[in-house]
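Asks: coords please:
(chains A and B)
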Protein chains: 2
Amino acid sequence: MKIPVSRLEKFTSDNARVDTAAIQSLPNSRKIYIQGSRADIRVPMREISQSDTNTSQGIEKNPPICVYDTSGPYSDPDTNIDIRHGLLPLREKWIEEREDTEVLSGLSSSYSLKRLQDPALTAMRFNLTRPVRRAKGGSNVTQMHYARRGIITPEMEFIAIRENQRRERVTDLAKSELLTRQHPGQSFGAAIQEWITPEFVRDEVARGRAIIPANINHPEAEPMIIGRNFLVKINANIGNSALGSSIQDEVEKMTWAIRWGGDTVMDLSTGKNIHETREWIIRNSPVPIGTVPIYQALEKVDGKAEELTWEIFRDTLIEQAEQGVDYFTIHAGVRLPFVPMTAKRMTGIVSRGGSIMAKWCLAHHKESFLYTHFEDICEIMKAYDVSFSLGDGLRPGSIYDANDEAQFAELKTLGELTKIAWKHDIQTMIEGPGHVPMHLIRENMDLQLEHCHEAPFYTLGPLTTDIAPGYDHITSAIGAAMIGWYGTAMLCYVTPKEHLGLPDKDDVKDGIITYKIAAHAADLAKGHPGAQIRDNALSKARFEFRWNDQFNLSLDPDKARQFHDETLPQEGAKLAHFCSMCGPNFCSMKITQDVRDYAAQQGISENEALQEGMAKKADEFIEKGGEIYRKL
Amino acid sequence: MKIPVSRLEKFTSDNARVDTAAIQSLPNSRKIYIQGSRADIRVPMREISQSDTNTSQGIEKNPPICVYDTSGPYSDPDTNIDIRHGLLPLREKWIEEREDTEVLSGLSSSYSLKRLQDPALTAMRFNLTRPVRRAKGGSNVTQMHYARRGIITPEMEFIAIRENQRRERVTDLAKSELLTRQHPGQSFGAAIQEWITPEFVRDEVARGRAIIPANINHPEAEPMIIGRNFLVKINANIGNSALGSSIQDEVEKMTWAIRWGGDTVMDLSTGKNIHETREWIIRNSPVPIGTVPIYQALEKVDGKAEELTWEIFRDTLIEQAEQGVDYFTIHAGVRLPFVPMTAKRMTGIVSRGGSIMAKWCLAHHKESFLYTHFEDICEIMKAYDVSFSLGDGLRPGSIYDANDEAQFAELKTLGELTKIAWKHDIQTMIEGPGHVPMHLIRENMDLQLEHCHEAPFYTLGPLTTDIAPGYDHITSAIGAAMIGWYGTAMLCYVTPKEHLGLPDKDDVKDGIITYKIAAHAADLAKGHPGAQIRDNALSKARFEFRWNDQFNLSLDPDKARQFHDETLPQEGAKLAHFCSMCGPNFCSMKITQDVRDYAAQQGISENEALQEGMAKKADEFIEKGGEIYRKL
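Replies: Just a heads-up that it's a prediction; the model follows:
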């Protein structure tokens, strides 16, 4: 990979802001902060204001709608971000106050030290001035550890406020239940709460049903939670490969991904300089960062899986933990006995981590060192509060291989490992497939809940057919929405480039929006309280021809507006009671309004229209003065 | 609308072929015809050839894969289509042979005659030279009528061959079950057959569980079937509005839609010259054409719903039936008593047809003339074999309104009307929603089966959330895949422009491919025999790094190739054992192959790796000679 020094060097003055496209305010949106029980708990949200509705009774105010905001300080016009310095460490004080960590005099990883001492890397190195921390000897600094001791951390309170999305305000401001009413959901036995309290957050973390990925060395991150009883989250993968993209590109993809709603970002870089790339990403990321440490360990042995050792892997874990990675994908369930189970598969082992470990196991005729050293790994995780994302190295890579013996043998093992991790109070989630036809998705969720004791499920898709490369964001969004409904806590996005190439920024955005759709569809189906407010507000705007409000409330205001304007670019059309789909004389909503107006004009005489067979409805109708549609 | 005479006039010589983009052969594909019991039953399919696999044992031939082909003669290089003359009438002889129709001396619709006599329309008029037919007095010419009398028509035999997709050939040619094995499905009580026979087609049509839209005046159409026990079909909507697009544009959208897999096309034009536009579309369409006649009837009364009369509507039905429309959407379930049920809705009545009829009902204080004249409508339908698509005029237009009283009151009425239609042996399907959150989709399917006696369900989406205008092909594909799995027979596509504007050709393609994904995911989940062959073939190609085969077998070879080539344009990369996602040293599939090679090299000594806890698997492993992956 070409070292992108020149691109980083251009940031030498106060214009060192990354990716101007990512920091533009979304239309009619403003960043707000809700304060918690202490001044430094300031929970960010995006408030979308709406225009008024003109009704025959006068002006109706439409309340502003708050939405979950993953974009961090980038969307705060009062913040000036210099990516050379990274974001402000909002959690630093909380971590210090707990007095269970110590500042290290130097980095503990020999690889980190080597990189630090290499003068050739000076130009591309992020200049970290803050000290690195680790748990004091014998301490356990995980959120799960605190939770199990009954402690509600500031992180937990932050999350409770964040999850509620300030929906009480809509209830207060809205004149009718039109905005707040929603369908009772079907949650398949989840424990969905009417209102998320800090105590509920603590309890869910304590029992392992949710995790808060929050490395003590990533104090820049805004706390968030991954669990079946909270809003469904999505992850965006970024990362360069040996073939393309630079550090700068990856930081830009990160800020781009969180602008559109990525709740966490995984840096899956596999080229050179992954250490430096990762540092830049973490220092500038307000969302948790996940990695697959075995990728970098493999780079350290020049791609020769058989040369991997526990010592190299261990040093890599410490290296990344001290940089602040919030969760590690570790394929400790790819056990030697399971490898032959993949022999008759259509597509063998498609997980990179899984295939590396399978290769290692065979080369050494030995059980995986990730499995045999699992408790050693736990010791590292709890010293920094890195969460486990137990990787599904044997996930199916084709419809043919779905739900086979290898896959479920590994899943069971991941359940055993979860118990070990929990013994150490380490937060743990479980990764899931892959390629699965619709009718076999539910079995994945049910077995995961059973074998893994309700630890959060984190799935890739699943893709519901193999036949649409170029559209796998869609083949997988179908499966993702369904498994999210069934209980998956976080959905790993798939971009249109899946199976074909490295995603660019357009692909990242397509993947994010598609997965926001899947996650939200799942929230609606589960009946997550307040989930329907945004749908209601947008549909009300649509029905009332408030075009701009419809665009602004959507997941992608830019595209909604652009599509509308392709045929009706004039600003006046934003107030028009039609669009180009049907033309001015044919809009069904306009006709509906005509029906209502007509009925209102006819007044009480409309009763005559209420003939036999509609007596019950008729009474109600007459009471309201014979208007066909609700008064605006 | 500007009369597009100049655009049509350019087709004055033998170059009068429409839309050259639509007639390019797809890569490595050839048009084949499977002959039935008589020489003029020639069922088109697209055969995709594959390259060989190089294995350690030599060359393995990969069989060609046949896929369902909706593109008609356009993709046949031996056919020269002049759109001024339309397609050859492949069903003409079959219709004549039945001797139950008569050639009309002139058109029966007064509107048609008026248009024919208008000299201003000469330049834009399709010059139909073939006579128009109608059932002989008292005859019933529907496929259902024949089916119920035990007659297997050539149409039915054509369909049986078409539905089987020649999959017996893959079984014969493939060396292993890798291509043909598939997961047992979950079909929710459907009667999926291992092999479709002409008799099964007849029986399904006779009992009303499937329809063959096949107007005797559209002999150009290739027979196809819509039913729960057949492959899930998709419909593409086209049509101009008063604001844009020309006749030429619409014909091009039709050929474009069928190139990518549209099984039927609805012409929803609402501007002027809909009569002429429709004629051009039908004469050049190898797939059934559906319309919503009330749209045109409304044009005839200058958009004033209250001025609609049964006589105008009746003349419109005859006008369109004599042009060859294969199915009519008729909103006869929007009854006067149901209109007030929509009063408290978020988005009122969003169906255009529904809102027109609601307005009419209120204006006249009368029951809908579509409902009161339903038997009169039946008389017209059976004289031309036009199928009913009973419209869901009260479908929900927002998540808020899903599954409400109005929607289900109408659905019940559609069930009553189905019985009346069946009394006349008229083929009937039922239209469905709309906007429905995931957990309420199943109820729609279950109630439709119950109330409508298993008549085929034809749904629009449903959209599973309202918050993503610009991406409603995706919000709806989630719901479409699910309801297709539950039993919907045809999915009406939604394009990215839904709610925002008129779809252009790119949108049409995006909508089609997205819905092909949903329909195929449904076929897989139902366990439709042979559905998994294409997935298996594509995944095998993917695993073996046959990049071109992977592209060619996909729903959109152009896009798959384009995405791959963005980073690796060299032709050599089509043989490379990696892509740009992971780079040359990191492809998991390459590593998997390395694992297999390594294991093969180690041979029997690999046994030593098979340690405790894997005894059962180990035995099998040893028997096979210790190879980790199947022999190629």
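Asks: Would you pull up how far the helix or strand A:Met482 falls within lies from the middle of the chain?
Replies: Using DSSP states H and E, A:Met482 maps to helix A:472-486. Remark: helix A:472-486 is offset 14 Å from the chain centroid, using C-alpha atoms, centre = their mean, to the nearest Å.
Asks: Correct me if wrong, but A:Ile34 is in a strand.
Replies: Yes: secondary structure of A:Ile34 (DSSP: H, G, I helix; E, B strand; the rest coil): part of a strand.
Asks: Chain neighbours aside, what residue packs nearest to it?
Replies: What sits nearest to A:Ile34 in space, not counting adjacent residues and going by C-beta to C-beta, 6 or more residues apart in numbering or on different chains, is A:Val43, at 4.6 Å. C-beta here means a position set from N, CA and C on the backbone, and glycine is covered the same way.
Asks: Tell me what angle the helix holding A:Met482 forms with helix B:472-486.
Replies: In terms of direction (axes from the mean of the first three to the mean of the last three C-alpha atoms, to 10 degrees), helix A:472-486 departs from helix B:472-486 by 60 degrees.
Asks: if you look at helix A:472-486, does any of it touch chain B?
Replies: Yes: remark: helix A:472-486 sits within contact range of chain B at A:His473, A:Ile474, A:Thr475, A:Ala477, A:Ile478, A:Ala481, A:Met482, A:Trp485, by C-beta under 8 Å from any C-beta of the partner chain.
Asks: Which one of those residues sits in the busiest neighbourhood?
Replies: Neighbour counts for these (other C-beta atoms under 10 Å in any protein chain shown) peak at A:Ala477, which has 35 neighbours.
Asks: Verify the stated contact: that residue with A:His520.
Replies: No: using C-beta atoms under 8 Å as the test, A:Ala477 is too far from A:His520 to be in contact (11.1 Å).
Asks: Helices of the stretch 501-632 of chain A, start to end?
Replies: A:505-526, A:533-543, A:547-553, A:557-567, A:588-602, A:615-623 (DSSP state H, counting those that start in this stretch).
Asks: and the fourth one, does that touch chain B?
Replies: Yes: using C-beta under 8 Å from any C-beta, helix A:557-567 reaches chain B at A:Lys559, A:Ala560, A:Gln562, A:Phe563, A:His564, A:Glu566, A:Thr567.
Asks: What is the burial count for the third one?
Replies: By the criterion of other C-beta under 10 Å, A:Gln562 has 15 neighbours.
Asks: What does the pLDDT read for it?
Replies: With respect to pLDDT, A:Gln562 scores 95.
Asks: Leaving out the residues flanking it, which one is nearest to it?
Replies: B:Gly470 (7.7 Å).
Asks: name the element the one you found belongs to?
Replies: Here B:Gly470 is assigned to no helix or strand, by DSSP H and E.
Asks: okay but it is in contact with A:Gln550, surely?
Replies: No: taking contacts as C-beta under 8 Å, B:Gly470 lies outside contact range of A:Gln550: 10.5 Å.
Asks: May I ask you to confirm that A:Pro433 is in contact with A:Phe457?
Replies: No: using C-beta under 8 Å, A:Pro433 is not in contact with A:Phe457; the gap is 10.4 Å.
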